[in-house]
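*Asks:* After the sequence you'll find the predicted model.
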Amino acid sequence: MTDPMPTQPRYDAKVLWRQDKDHCIHPFTHFPSFEKEGALVIAEGRGAYVFDVDGRRYLDGIAGLWCVNIGHGNAEMADTLAEQARRLSFFNTFVDTTNPPAAQLAAKLADLAPAHLNRVFFDTGGSAANDSTVRTIHYYFNRLGMHAKKKLISRVDAYHGSSYLTMALTGKREDHEGFDLPEGLVDYVSCPNPYRRPAGMTIDEYCDQLVDELEAKILELGPENVAAFFAEPIMGAGGVIVPPAGYHRRTQDVCRRYGVLTVSDEVVTGFGRLGHMFASEPTFDLSPDVITSAKGITSGYVPLGASIFSDQIYEVISRSEPGRDSFNHGFTYSGHPICCAAALKNIEIIERDRICEHVREVGPYFEKRLSRLESLPLVGDVRGSHFMLCVENVANKQTKALLPEEVAIGDRISDHCEKRGLIVRPLGHLNVISPPLIMTRDEIDELVEILGASIEATADDLTREGIRID
């Protein structure tokens, strides 16, 4: 549908499209498609909807990119950003200066995190938070005199960022193509995907296999060489993978047995997406040594990341020793006052408006409504939790065989959704749904109806093209 945008900004749509196409390098771009089609120019947002430059309205099924938890166009947030900019736009937090929002936010995050996590390092986003965490963990073991403990364990299909270091932690092999990675730093264990578990294996047996695999990997590398295991509570860009029950607690127990630190990457799951500010402890019985966060910490209004470290780690890295008294790591924008003020306001809104409670109440309804799409052609699996969901598309429901990559099934479904006024995220054979957390039941119904119609339309397209689906 075409609606007037809430405020009618004056843009020349064709000029903007051409400027972007001629000059902007987009993240994760498929260049042939971009050269042909350019980009959809999103100009405004309100609540759970965004508007393109021509005024066409779309239900935002991805919250910008896992981010806009409190919804678009929140006036309180806009006022907070302006007020902080007038008061103090920026001053560095190096060594012996700070600012009120940074101090207040650090205390608030320590209060929200598990009880043993009380020390916060501010970054500029999720990749930077995971990058800082690796550097700090290496520094921690150096301070303990354990200089060989450098290796990291991640998982196939994990996503932990796209910096030089964190792309090595990212286990999506297609993202590595053509790029260099630091050699020998990261080893991978299996993606804990119950839908793709070996035929005939129960979920409990599968969990046993995954836990045993992690232990075997640590022993293969040598516990004296392994620093940390990185894991998202629910894997995001790798396909919204919910591991078997008990997986996180059991992998943590394995890590502790061998002196390996556990890092819970809550860049996506934090700040309400699963119904809690942090999901590690209340949802997964996980008590990590570090939680990393970003995205929902400010609902995407400004960039911010944070690594929340245990008291044990801080005690070691802050220990005064002759000639080793300084922690020489940081960024110009660590603890940026406007970003920290945005995070404080975001958390205030989430708590005051009971958004976590809303997610816990409405999330099961969302899961149930979306699960009905499993009866459609193409749909092999519908999975996820609360406001973090995914549809996996297959060529054959029985064998779970995928369509050829060149069919670009996720993109086809996404394109049909876009024509009908919905934005979902295509990832190969997947379509990911992660909308603003304020989405109502009626808006969920709208989303599911459009997605279902788009999947059916795509199946019809494939039939006309002679591409078989079973």
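*Replies:* Structure's in. What do you need?

*Asks:* Please work out the average pLDDT along stretch 211-229.
*Replies:* What stretch 211-229 shows for mean pLDDT is 98.

*Asks:* what does stretch 65-85 give?
*Replies:* For stretch 65-85, mean pLDDT rounds to 98.

*Asks:* Go through that stretch and flag the buried ones.
*Replies:* Buried residues in stretch 65-85, counting neighbours by 16 or more other CB atoms under 10 Å, are found at 66-74, 77, 80-81, 84. C-beta: built from backbone N, CA, C; applies to glycine.

*Asks:* Stretch 417-425 now?
*Replies:* Cys417, Glu418, Arg420, Gly421, Leu422, Ile423, Val424, Arg425.

*Asks:* Which stretches in the stretch 301-450 of the chain count as helices?
*Replies:* Taking DSSP state H, counting those that start in this stretch, the helices of the stretch 301-450 of the chain run over residues 311-317, 337-352, 355-371, 409-419, 441-464.

*Asks:* possible to save these as CSV with mean pLDDT and distance to Asn99?
*Replies:* Formatted as CSV, the helices of the stretch 301-450 of the chain follow (pLDDT from 0 to 100; distance: least, CB to CB, whole Å):
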stretch, mean pLDDT, distance to Asn99
helix 311-317, 97, 21
helix 337-352, 98, 4
helix 355-371, 98, 27
helix 409-419, 98, 41
helix 441-464, 98, 37
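
*Asks:* list the contacts for the nearest residue in space to Leu344 that is not next to it in sequence?
*Replies:* With sequence-adjacent residues excluded and distances taken as CB to CB, 6 or more residues apart in numbering, Leu344 is closest to Leu105, at 5.4 Å. Applying CB atoms under 8 Å, 6 or more residues apart in numbering, we find Leu105 in contact with Val120, Phe122, Ala306, Cys340, Ala343, Leu344.

*Asks:* and if you look at Gly73?
*Replies:* Pro6, Glu44, Gly45, Arg46, Gly47.

*Asks:* Okay, now the unreliable bits of the protein?
*Replies:* The chain contains residues with pLDDT under 70 at 1-4, 8-9.

*Asks:* Farthest from the middle of it: give me that residue.
*Replies:* Distance to the chain centre peaks in the chain at Pro322, reaching 40.5 Å (criterion: CA atoms, centre = their mean).

*Asks:* roughly how far apart are that one and Val316?
*Replies:* 16 Å (CB to CB, to the nearest Å).

*Asks:* tell me the contacts of Val379?
*Replies:* By CB under 8 Å, 6+ apart, the contact list for Val379 reads Leu373, Val391, Glu392, Asn393, Val394, Lys397, Ile455.

*Asks:* how close does it get to Cys390?
*Replies:* As judged by CB to CB, Val379 and Cys390 stand 11 Å apart.

*Asks:* same question, Ile62
*Replies:* From Ile62 across to Cys390, the span is 11 Å (CB to CB).

*Asks:* what about the two, which has more around it?
*Replies:* Applying other CB atoms under 10 Å to Ile62 and Cys390 shows that Cys390 carries more neighbours, namely 25 against 20.

*Asks:* State whether that one and Gly380 are indeed in contact, as I suppose.
*Replies:* No: look at Cys390 against Gly380 with CB atoms under 8 Å: they stay out of range, at 11.0 Å.

*Asks:* surely Pro377 meets Ile469?
*Replies:* Yes: contact criterion CB under 8 Å: Pro377 and Ile469 qualify, at 5.5 Å.

*Asks:* where does the spatially most central residue of the chain fall, helix, sheet strand or coil?
*Replies:* Centroid-nearest residue in the chain: Val268, 3.1 Å away (criterion: CA atoms, centre = their mean). Three-state assignment for Val268 (DSSP: H, G, I helix; E, B strand; the rest coil): coil.

*Asks:* Enumerate every residue touching it.
*Replies:* By CB under 8 Å, 6+ apart, Val268 lies in contact with Trp66, Glu232, Ile234, Gly236, Lys295, Gly296, Met388, Ser434.

*Asks:* Equivalent analysis for Ile297, please.
*Replies:* Residues in contact with Ile297 (CB under 8 Å, 6+ apart) are Gly270, Phe271, Leu304, Gly305, Ala306, Ala343, Asn346.

*Asks:* Go again with 7 Å.
*Replies:* Ile297 makes contacts with Gly270, Phe271, Leu304, Ala306, Ala343, Asn346, as judged by CB atoms under 7 Å, 6 or more residues apart in numbering.

*Asks:* for it, phi and psi?
*Replies:* Main-chain dihedrals, Ile297, degrees, to the nearest 10: phi -60, psi -30.

*Asks:* which one is it nearest to, not counting chain neighbours?
*Replies:* Closest to Ile297 by CB to CB, 6+ apart is Ala343, at 5.0 Å.

*Asks:* Nothing else from me, thank you.
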